[in-house]
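Student: take a look and give me a structure for this.
(one chain, ligands or ions: 1)
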Amino acid sequence: MNSTSRVYNFSAGPATLPTELLEQVRDELLDWQGMGRSVMEISHRSREFAALLEEAERNLRHLLQVPEHYKVLWVHGSASHQFAMVPMNLGGAGYADYACTGRWSDKAEREAERYVEVNRMAVRQESDGMVEISTTGSWPISEKAGYLYYTPNETIDGLSIDEPLDTKALYGSDVPLVADMSSCLLSRPIDIEKFGVIFAGAQKNIGTAGVTLVIIREDLVAEAPRFVPTLLQYKTYADHSSLYNTPAVFPIYIAAMMFRWLIKQGGLAAVAKQNQHKARQLYQTIDDSSLYRNNVSPKNRSWMNIPFTLTKPHLDELFLSMAEARGLVALKGHRSVGGMRASLYNAMPLSGVEALIDFMCEFEQRYAEGVDEL
Ligand code: PMP
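Tutor: Reported below is the predicted structural model:
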């Protein structure tokens with residue numbers, strides 16, 4: 001297969017990667033940096049891998065403007081591991097506030113209940129068939145909370161909280177803010193200092209599954225209770241520069257390439273502009289149509305994951321199969337909600353979104369008015 005046979009892949013994750021990056025991976029598989037071996041076949045303690053890790057962290061810090069007093073950790077496993085690691089490591093107060101806005105925050109909240117008492121804040125509302133998140137200032141927070149947990153981008157629901165969240169203003173004290181940014185990290189600039197912990201599974205904007213990036217304020221890296229396994233303690237990763245044991249070398253190698261690619265794109269400000277433009281175009285198409293519908297209030301619409309339904313659901317299968325025949329794949333919505341979902345991560349080019357829009361308009365013209373109705 002060559003790059004011309006590649007499709008536009010709208011998968012929510014594992015997600016599309018830049019073609020040029022995959023071409024480089026292909027070229028380097030048998031011989032990385034003249035070593036006659038791939039990156040998967042060298043010691044993680046070698047000079048070459050150490051340099052890669054160092055470069056990845058430097059580029060990430062540059063892209064996100066990560067201040068010195070934050071650690072960057074490459075933690076094993078998936079984002080779901082963090083649902084346990086967060087309360088295990090930060091649950092000292094025995095109590096935490098969880099903003100429940102969708103499927104991923106719900107899952108995180110249920111996991112946290114195993115370790116701490118949780119104030120489950122149902123801050124998602126529905127009115128006139130539209131979903132929105134109540135303004136953060138009105139969240140029913142608890143004075144006892146040791147941290148506040150939220151999910152700025154709910155990947156399944158296509159819900160985004162763009163409002164800045166300032167825990168100092170909210171609590172009147174420095175309660176750490178924990179954010180699951182699995183599906184939005186690196187999609188736009190953010191103010192890291194507002195956060196205590198940010199984590200993101202790698203298989204969307206960072207690269208490929210197997211590692212989770214954690215950015216944590218230094219003072220929160222503390223001794224965890226004795227029951228916490230060594231590899232589930234942030235301190236282990238911080239104390240050993242993520243090399244306590246063999247790290248996920250291949251996903252880290254991919255992430256390092258992704259960071260280089262992002263810098264080449266002009267950094268996060270440039271990428272954000274492009275992401276906003278892509279999302280706006282697609283939302284406009286949906287809003288202008290009588291066949292497609294997105295039920296998220298405009299203030300909470302995600303740039304990364306755009307779910308939509310057809311007002312004629314019996315056309316769903318036809319829509320998906322015709323899209324696939326055009327090379328527009330993985331548009332089926334999450335199994336728990338149905339419908340469609342287009343994920344527009346950094347690596348989805350504008351041409352992919354334009355091709356999707358062209359297809360959607362043609363499909364609507366052909367089928368919406370009952371013409372060619374099956
Ligand atoms: N959080 C969010 C926001 C996600 O989108 C996902 C996966 N799509 C997860 C957590 C869970 O990720 P993982 O499968 O890596 O555990």
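Student: near the ligand, which residues of the stretch 51-200 of the chain?
Tutor: Near the ligand, the residues belonging to the stretch 51-200 of the chain are 78-80, 104, 151, 155, 180, 182-183 when assessed by Cβ under 6 Å from any ligand atom. Every residue, glycine included, has its C-beta placed from N, CA and C.
Student: in TSV: the residues you listed, plus secondary structure.
Tutor: Listed next are these as TSV, based on DSSP: H, G, I helix; E, B strand; the rest coil:
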residue	secondary structure
78	coil
79	helix
80	helix
104	helix
151	coil
155	coil
180	strand
182	coil
183	coil
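Student: what's the farthest-apart pair in the residues you listed?
Tutor: 78 and 151 (14.8 Å; Cβ to Cβ).
Student: who has more neighbours, these two?
Tutor: Neighbour count, other Cβ atoms under 10 Å: between residue 78 and residue 151, residue 151 has more, with 29 against 16.
Student: distance of that one relative to residue 29?
Tutor: 35 Å (Cβ to Cβ, to the nearest Å).
Student: low-confidence regions, the chain specifically.
Tutor: Residues of the chain that meet the criterion pLDDT under 70 lie in 1-3, 369-374.
Student: what segments of this protein are helices?
Tutor: 19-28, 47-64, 79-90, 103-112, 167-171, 234-239, 249-264, 267-288, 316-325, 350-367 (DSSP state H).
Student: residues of the stretch 201-350 of the chain that sit close to the ligand?
Tutor: Proximity of the stretch 201-350 of the chain to the ligand (Cβ under 6 Å from any ligand atom) is limited to residues residue 201.
Student: may I have the beta-bridge partners of the residue of the stretch 201-350 of the chain found nearest the ligand?
Tutor: When scored by Cβ to the nearest ligand atom, the stretch 201-350 of the chain has residue 201 as its residue closest to the ligand, at 3.4 Å. Residue 201 has these beta-bridge partners by DSSP bridges: residue 212.
Student: that one touches residue 210, doesn't it?
Tutor: No: counting by Cβ atoms under 8 Å, residue 201 does not reach residue 210; the two are 9.1 Å apart.
Student: list residues touching both of these two?
Tutor: Here residue 201 and residue 210 have residue 78 as joint contacts, going by Cβ atoms under 8 Å, 6 or more residues apart in numbering.
Student: give me the more crowded residue out of those two.
Tutor: Neighbours per residue (other Cβ under 10 Å) separate residue 201 from residue 210, with residue 201 holding more: 27 against 18.
Student: tell me which of the helices of the chain sits most buried.
Tutor: Counting by mean count of other Cβ atoms under 10 Å, helix 79-90 has the highest mean neighbour count of the helices of the chain, with a mean of 23.
Student: so which elements touch that one?
Tutor: In terms of contacts (3 or more Cβ pairs under 8 Å, 6 or more residues apart in numbering; DSSP states H and E), helix 79-90 is packed against strand 70-76, helix 103-112, strand 177-180, strand 197-201, strand 211-217, helix 234-239.
Student: run the angle between it and strand 197-201 for me.
Tutor: Taking axes from the mean of the first three to the mean of the last three Cα atoms, to 10 degrees, one finds that helix 79-90 is oriented at 160 degrees with respect to strand 197-201.
Student: and the gap between residue 119 and residue 159?
Tutor: Look at residue 119 and residue 159: by Cβ to Cβ, they are 20 Å apart.
Student: higher neighbour count, those two?
Tutor: Set residue 119 next to residue 159 and count neighbours by other Cβ under 10 Å: residue 159 wins out with 25 against 18.
Student: beta-bridge partners for the more buried one, please?
Tutor: When bridges are called by DSSP bridges, residue 159 pairs up with residue 154, residue 301.
Student: shouldn't it be in contact with residue 299?
Tutor: No: assessed by Cβ under 8 Å, residue 159 is found out of contact with residue 299, at 10.2 Å.
Student: okay, now the nearest residue to residue 124 once chain neighbours are set aside: neighbour count?
Tutor: Distance criterion Cβ to Cβ, 6 or more residues apart in numbering; nearest residue to residue 124, sequence neighbours excluded, is residue 101 at 4.9 Å. Applying other Cβ under 10 Å, we find 26 residues neighbouring residue 101.
Student: which ones are touching residue 101?
Tutor: With contact set as Cβ under 8 Å, 6+ apart, residue 101 has these partners: 123-124, 133, 150-151, 154, 157, 159, 161.
Student: do that again at 6 Å, thanks
Tutor: Contacts for residue 101 (Cβ atoms under 6 Å, 6 or more residues apart in numbering) come out as 124, 133, 151, 154, 159.
Student: could you check how far the closest residue in space to residue 111 that isn't next to it in sequence is from residue 329?
Tutor: Nearest non-adjacent residue to residue 111, counting by Cβ to Cβ, 6+ apart: residue 83, 3.8 Å away. According to Cβ to Cβ, residue 83 and residue 329 sit 29 Å apart.
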